[in-house]
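K.L.:
What follows is a predicted structure for the sequence shown.
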Amino acid sequence: MRLLKNLTSLRQWRNQQTHSVALVPTMGNLHDGHLALVKRAQQHADIVVVSIFVNPMQFGANEDLDNYPRTLEQDVQALESLGVNAVFTPQVSDVYPRGLDVQTRVEVPEVGDILCGASRPGHFVGVATIVCKLFNMVQPDVAVFGEKDFQQLQIIRLMTLDLSLPVTIIGEPTKRESSGLALSSRNGYLSGQQRQQATAIYSTLQGISKQLSEKPNFNQTVKWAEQQLHDAGLVTDYVAIRNAEDLQPATIQDKQWVALVAAKLGNTRLIDNLTIVNNHA
Ligand SMILES: Nc1ncnc2c1ncn2[C@@H]1O[C@H](COP(=O)(O)OP(=O)(O)OP(=O)(O)O)[C@@H](O)[C@H]1O
Ligand SMILES: CC(C)(CO)[C@@H](O)C(=O)[O-]
Ligand code: BAL
């Protein structure tokens, strides 16, 4: 496995590749969710590159950029044993040579401004910009992202379409603990008790799915879900039921809905979602 620590070495390596290339962008601290993305990438291309970069542009001023878990040595070992071909670990100065303030930005309007985009202003501009740059740096044929970050995946699909980027985007289903809790690097911030409380997120999503398949009343179900999360000791950022295709408010005509939750336990903000087929349409 090649360790590519800067853009120059990445470009040299990339120029030598003659087979299809898949990219799995990550911020490191890898868990089985990330490894599932790698395995999916291996099914779609001959060569797999994983990028590990904690992107300062997508963190708000009061967020966890400094504390974000960095476990490069273990990450590299895990990727090596999966047979990954290359790991790209650029420095901030390599990615943003002119500094963040004057960096050219990529913005996906509307879908980038709602839900997590409303709670984390500027977040999706940071995500779209770094993903666009990673595509230009790595020049992959295919890139794999997790459905756990459902809104992020939609935004990346739209950016790729709008900018005519020659990359096929693949979404991988969310990997969960046996408790239902979605795997996330930020779960490492949770105490034992908080980890138990956090299981309310998935059980609430399942409850939403059950209610909607019986009798779709979006407002009533959202209120019920907010109460469930509150009772478990979580502070809800949002609970939303949306059209799974465009993330607009759900209607009874939609083919598929997605229920999305963002909630805090102490300082830790967790997100999760569940898609629900509309059996009433
Ligand atoms: N449980 C999961 N199942 C499938 N994919 C996942 C899971 N968690 C993260 N991913 C995907 O892995 C990629 C890299 O995500 P990232 O490195 O931010 O990990 P994370 O665990 O989501 O961390 P965070 O705590 O920042 O949310 C993204 O495409 C993300 O959607
Ligand atoms: C896609 C990504 C690697 C861009 O920094 C990040 O947002 C993430 O880890 O989901
Ligand atoms: N997985 C999403 C990256 C972030 O929260 O910044």
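P.N.:
Ah, there it is. Ligands and ions are numbered 1, 2, ... in the order given.
K.L.:
ok, so what distance separates the nearest residue to residue 31 once chain neighbours are set aside from residue 148?
P.N.:
Leaving aside its chain neighbours, residue 31 sits nearest to residue 183 (4.7 Å; criterion: Cβ to Cβ, 6 or more residues apart in numbering). Using the backbone N, CA and C atoms, a C-beta is placed for each residue, glycine as well. Distance, residue 183 to residue 148, using Cβ to Cβ, to the nearest Å: 8 Å.
K.L.:
what's the average pLDDT for the helix ranked longest in the chain?
P.N.:
Secondary structure of the chain per DSSP state H: the longest helix is helix 192-214. Averaging pLDDT along helix 192-214 gives 98.
K.L.:
Please determine whether that helix lies in contact with ligand 1.
P.N.:
No - using Cβ under 6 Å from any ligand atom, helix 192-214 never reaches ligand 1; the gap is at least 11.1 Å.
K.L.:
can you offset everything so residue one is 13?
P.N.:
Sounds good: first residue 13 from here, last item helix 204-226.
K.L.:
just to revisit the earlier point, looking only at neighbour counts, state which of residue 195 and residue 160 leads.
P.N.:
residue 160 (20 against 17; other Cβ atoms under 10 Å).
K.L.:
what's the neighbour count on the closest residue to the more buried one other than its chain neighbours?
P.N.:
What sits nearest to residue 160 in space, not counting adjacent residues and going by Cβ to Cβ, 6+ apart, is residue 186, at 4.3 Å. By other Cβ under 10 Å, 19 other residues sit near residue 186.
K.L.:
and if you look at residue 105?
P.N.:
Neighbours of residue 105 using other Cβ under 10 Å come to 10.
K.L.:
Pretty sure it sits in a helix.
P.N.:
Yes - Residue 105 sits within a helix when classified using DSSP: H, G, I helix; E, B strand; the rest coil.
K.L.:
buried sites along the longest helix of the chain?
P.N.:
206-207, 209-214, 216-217, 219-221, 223-224 (16 or more other Cβ atoms under 10 Å).
K.L.:
Can you show me the helices along the stretch 113-262 of the chain?
P.N.:
Ranges of helices in the stretch 113-262 of the chain, per DSSP state H, counting those that start in this stretch, are 128-131, 135-150, 162-174, 204-226, 230-243.
K.L.:
tell me the angle of the longest helix of the chain relative to helix 230-243?
P.N.:
Per axes from the mean of the first three to the mean of the last three Cα atoms, to 10 degrees, the angle that helix 204-226 makes with helix 230-243 is 160 degrees.
K.L.:
Residues in contact with helix 204-226: which ones?
P.N.:
The contact list for helix 204-226, computed with Cβ atoms under 8 Å, 6 or more residues apart in numbering, reads 188, 191-194, 199, 202, 229-230, 232-233, 236-237, 240-241, 243-246, 251, 253, 269, 271, 273, 275, 277-278, 280, 282, 284-286, 288, 290-291.
K.L.:
Please produce JSON lines containing the helices of the stretch 113-262 of the chain, extended by distance to residue 109.
P.N.:
Compiled in JSON lines, those are given as follows (distance: least, Cβ to Cβ, whole Å):
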{"stretch": "helix 128-131", "distance to residue 109": "27"}
{"stretch": "helix 135-150", "distance to residue 109": "11"}
{"stretch": "helix 162-174", "distance to residue 109": "22"}
{"stretch": "helix 204-226", "distance to residue 109": "39"}
{"stretch": "helix 230-243", "distance to residue 109": "43"}
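K.L.:
Enumerate every residue touching whichever residue of the stretch 113-262 of the chain sits closest to ligand 1.
P.N.:
For the stretch 113-262 of the chain, the residue closest to ligand 1 is residue 158, as judged by Cβ to the nearest ligand atom, at 2.3 Å. With contact taken as Cβ under 8 Å, 6+ apart, residue 158 is in contact with 45-46, 48-49, 165, 183-184, 186.
K.L.:
at 10 Å instead, please
P.N.:
Applying Cβ atoms under 10 Å, 6 or more residues apart in numbering, we find residue 158 in contact with 36, 38, 45-46, 48-49, 52, 164-165, 183-187, 194-196.
K.L.:
Can you flag the buried ones in those?
P.N.:
Buried residues within the contacts of residue 158, counting neighbours by 16+ other Cβ under 10 Å: 36, 38, 45-46, 48-49, 52, 164-165, 183-184, 186-187, 194-196.
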